[in-house]
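Novice: predicted model and sequence follow; I will ask about them next.
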Amino acid sequence: MNEIAIKTEGLTKHYGQVRALEDLDLEVKTGEVFGFLGPNGAGKTTMIRTVLDLIRPTSGSASILGFDTHADSVEIRRHVSYLPSDLAMYDDLTGRDMITYFANLRGGVDESYVNELASRLQADLTKKIGDYSSGNRQKVGLILAFMNKPQLIIMDEPSSGLDPLVQREFQTMMREVAAEGRCVFLSSHTLSEVQRVADRVGIIRQGRLVDVEFVDDLRSKAVRKVELQFTQPVDASVFAGVPGVRDVSAASHHAVMSFDGKMDDLLRVATERYELVDISTQEADLEEIFLEYYRPEKVS
């Protein structure tokens, strides 16, 4: 099987004057969980639907597992599962009936594996879909996505309605897929989930891909919160000229700031005039990094 799960080249989708997706070049590899981040309206769902040949691009091309997404769309569906954010189901069927229906469309799946997934997700498949809460409907959707063990699982906002314990089990399931050499493409604005489970993330803004990074690399070069404690009162203005320092506040013997520069520069200034007692740093989480990409001055 091809080592590239998803590849797009210049993928573009316009709706009249609306540029929903613009010149997207992306490679997602097998054996990874790839997080696709962006707020509502950024172009995440348009990208997924275009790649899956559910809508046609204005220009550009895409492939899945080495297959052209338009010419080989039938073959692709043998290897891919897709869980949309707005999955439609038959309310009069039970969860079990719904799964059996889709399993038959797939040509049959391992029923013992379906039962294992239902147990792990705490899904009661005996009730009618119409009687389910949104979270229980989502559990059925997850079973549908995982049950045939596809090479690529594409999910759009899959954690909606899930309680924290089920979310944790779902994250374990995604890591297991990657460990088996398969791939998960996770489109989400639930940043805490992506941070815990993804190997790499792509950030999309106004239809354009603005960055692709390993999660650890993205966090390592992000803005950190730094707190300094001194033996005497400190003036915040002392740190104003240090490269990478911003949003400094000082109260009595403490100074707190956001910092993305060299620590040597900061410590040199801090110890020139004051006696430093303690220093603590807090690494930015993915949410802070994400919001940094969406600061007003960065949006064109």
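Specialist: Okay, I see it.

Novice: all helices of the stretch 51-200 of the chain, in order?
Specialist: Ranges of helices within the stretch 51-200 of the chain are 73-76, 95-105, 111-120, 134-146, 164-179, 191-197, based on DSSP state H, counting those that start in this stretch.

Novice: for those helices, give me TSV that also has distance to Thr12.
Specialist: (C-beta placed from N, C-alpha, C; glycine too.) Output for those, formatted as TSV (distance: least, Cβ to Cβ, whole Å):
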stretch	distance to Thr12
helix 73-76	19
helix 95-105	32
helix 111-120	37
helix 134-146	28
helix 164-179	29
helix 191-197	25
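
Novice: those helices into a markdown table, with extra columns for mean pLDDT, mean neighbour count and distance to His253?
Specialist: Output for those, formatted as a markdown table (pLDDT from 0 to 100; neighbours: other Cβ atoms under 10 Å; distance: least, Cβ to Cβ, whole Å):
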| stretch | mean pLDDT | mean neighbour count | distance to His253 |
| --- | --- | --- | --- |
| helix 73-76 | 94 | 15 | 62 |
| helix 95-105 | 95 | 17 | 60 |
| helix 111-120 | 97 | 15 | 51 |
| helix 134-146 | 96 | 22 | 48 |
| helix 164-179 | 95 | 16 | 39 |
| helix 191-197 | 82 | 19 | 33 |
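
Novice: among these, which comes closest to Gly244?
Specialist: helix 191-197 (22.8 Å; Cβ to Cβ).

Novice: so which residue is dead centre in the protein?
Specialist: Gly35 (2.9 Å; Cα atoms, centre = their mean).

Novice: so who does that one touch?
Specialist: If you count contacts by Cβ atoms under 8 Å, 6 or more residues apart in numbering, Gly35 has them with 186, 188, 194, 197-198, 200-202, 215.

Novice: pretty sure Leu37 contacts Glu193?
Specialist: No: applying Cβ atoms under 8 Å, one finds Leu37 not in contact with Glu193, separated by 10.6 Å.

Novice: what number of residues lie near the closest residue to Gly181 other than its chain neighbours?
Specialist: Once flanking residues are discounted, Gly181 sits nearest to Gly31: 4.9 Å by Cβ to Cβ, 6 or more residues apart in numbering. Gly31 has 14 neighbours, counted by other Cβ atoms under 10 Å.

Novice: any figure for the gap between Gly31 and Met263?
Specialist: 35 Å (Cβ to Cβ, to the nearest Å).

Novice: report pLDDT for Gln122.
Specialist: pLDDT, Gln122: 96.

Novice: against Thr190, how distant is it?
Specialist: Distance of Gln122 to Thr190, given as Cβ to Cβ: 19 Å.

Novice: quick check: Ile279 vs Val226, distance?
Specialist: Counting by Cβ to Cβ, the gap from Ile279 to Val226 is 7 Å.

Novice: related to what we said a few turns ago, Gln122 and Thr190: who's more crowded?
Specialist: Thr190 (18 against 14).

Novice: now the more buried one. Nearest residue, chain neighbours left out?
Specialist: Ser159 (5.4 Å).

Novice: more crowded one of Ile279 and Val226?
Specialist: Val226 (23 against 13).

Novice: can you pull the contacts of the more buried one?
Specialist: Counted by Cβ under 8 Å, 6+ apart, Val226 has contacts 256-259, 266, 279-282.

Novice: one step back: name the element the residue nearest to the centre of the chain belongs to?
Specialist: strand 33-37 (DSSP states H and E).

Novice: now for the spatially closest residue to Asp97 that is not a sequence neighbour: which residues touch it?
Specialist: Counting by Cβ to Cβ, 6+ apart, Tyr90 is the residue found nearest to Asp97 once chain neighbours are left out, at 8.0 Å. Neighbouring residues of Tyr90 by Cβ under 8 Å, 6+ apart: 97-98, 101, 129.
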